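Colleague: got a predicted structure plus its sequence, pasted below:
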Amino acid sequence: MIKKADFPILEYDSKKKAIINPDLFAEKIGKVNCDKLIVTFFGEEIKRLLSVGEIEQIKFLPGETPNTVYKFVNDDVMIMQGIVGCPATCGQLEEVIALGAKKIVFCGGGGVLERDITVGKFFVVDGAIRDEGFSYHYCPPSRIIYTDEGVKNRIISFLTEQKIPFIQGITWTTDAFYRETEDMIKYRKEEGAKMVEMEQAGCIAVCKFRNVKYGAILYAGDDVSGKEWDNRDWAQRYGIRSFLLKTCKDIVKQL
């Protein structure tokens with residue numbers, strides 16, 4: 001049933017079945033015998049894992065933006081590369097959930113809204129400010145959407161046990177990275193956001209809608225907290241990215 005509102009983005013239809021459903025996609029290419037998935041933006045790590053034979057392709061996702069689902073050879077864990085933005089990443093996340101994924105950990109990075117959050121610091125996502133359009137088609141309107149409490153607690157327990165430093169909090173999910181203005185950044189900080197990125201609200205919403213477990217760890221990347229953007233060479237932190245991916249694999253295996 002549709003709940004109507006003054007603005008289209010706030011109109012939510014609670015009916016589960018749509019005209020096009022990811023189950024049809026799964027029927028076409030076949031399901032997988034694995035329920036654990038890492039979604040990562042670290043393409044260089046996927047290439048490295050392929051080159052040393054640690055992962056192998058198990059499914060090809062066709063379409064205008066084709067993608068590949070891999071599986072670790074010696075672990076019952078899948079891995080897929082994300083594409084920038086909620087519609088791209090979350091649309092393909094829908095497909096892999098339909099293929100059989102039920103326990104998902106996101107592994108990526110984001111911009112910091114506080115300068116003292118050093119580059120490379122691990123950030124456990126409690127939830128996301130929904131400043132995008134995708135999530136509103138999966139969950140009723142709210143200002144913040146929260147990750148699965150059980151998965152978040154498992155992530156925190158693992159990082160604590162392994163003595164891996166981290167912070168936690170909410171992130172700001174936005175569609176428009178060229179519209180992260182000084183005043184908007186200040187406003188989001190006042191709401192409690194510590195980082196900014198483009199996918200978390202959508203990923204959380206899809207997993208809630210499909211009733212699958214979801215958690216996320218980001219690492220602190222570029223700095224947008226000042227008068228000028230500081231890249232901090234965040235995308236070249238290959239050691240951090242490799243370690244974070246390994247950490248996420250260890251965590252998702254325990255879910």
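Modeller: Sure thing, it's come through. Bear in mind the structure is a predicted one, so any value in this text is a computation, not a measurement.
Colleague: OK, contacts around L37?
Modeller: Going by Cβ atoms under 8 Å, 6 or more residues apart in numbering, L37 touches V77, M78, I79, M80, V96, A101, K103, I104, V105, V252. Every C-beta, even on glycine, is put in place using the N, C-alpha and C of the backbone.
Colleague: please disregard the earlier target; I meant G30.
Modeller: Residues in contact with G30 (Cβ under 8 Å, 6+ apart) are K59, L99.
Colleague: ok, V196 next?
Modeller: G110, G111, L113, T171, W172, T173, T174, F177, E180, I185, R188, V224.
Colleague: secondary structure added to the contacts of L37, as a markdown table?
Modeller: Converted to a markdown table, the contacts of L37 look like this (DSSP: H, G, I helix; E, B strand; the rest coil):
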| residue | secondary structure |
| --- | --- |
| V77 | coil |
| M78 | strand |
| I79 | strand |
| M80 | strand |
| V96 | helix |
| A101 | coil |
| K103 | strand |
| I104 | strand |
| V105 | strand |
| V252 | helix |
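Colleague: redo those as JSON lines? Include neighbour count and distance to C34.
Modeller: Shown next, in JSON lines, are these (neighbours: other Cβ atoms under 10 Å; distance: Cβ to Cβ, whole Å):
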{"residue": "V77", "neighbour count": "21", "distance to C34": "7"}
{"residue": "M78", "neighbour count": "25", "distance to C34": "5"}
{"residue": "I79", "neighbour count": "27", "distance to C34": "10"}
{"residue": "M80", "neighbour count": "23", "distance to C34": "12"}
{"residue": "V96", "neighbour count": "23", "distance to C34": "10"}
{"residue": "A101", "neighbour count": "25", "distance to C34": "8"}
{"residue": "K103", "neighbour count": "22", "distance to C34": "10"}
{"residue": "I104", "neighbour count": "28", "distance to C34": "12"}
{"residue": "V105", "neighbour count": "27", "distance to C34": "14"}
{"residue": "V252", "neighbour count": "26", "distance to C34": "11"}
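Colleague: closest one of the residues you listed to P141?
Modeller: I104 (23.6 Å; Cβ to Cβ).
Colleague: list the beta-bridge partners for that closest one.
Modeller: Judged by DSSP bridges, the bridge partners of I104 are L37, Y214.
Colleague: isn't it right next to K213, touching?
Modeller: Yes - using Cβ atoms under 8 Å, I104 is in contact with K213, at 6.6 Å.
Colleague: which residues do these two both contact?
Modeller: Here I104 and K213 have C207 as joint contacts, going by Cβ under 8 Å, 6+ apart.
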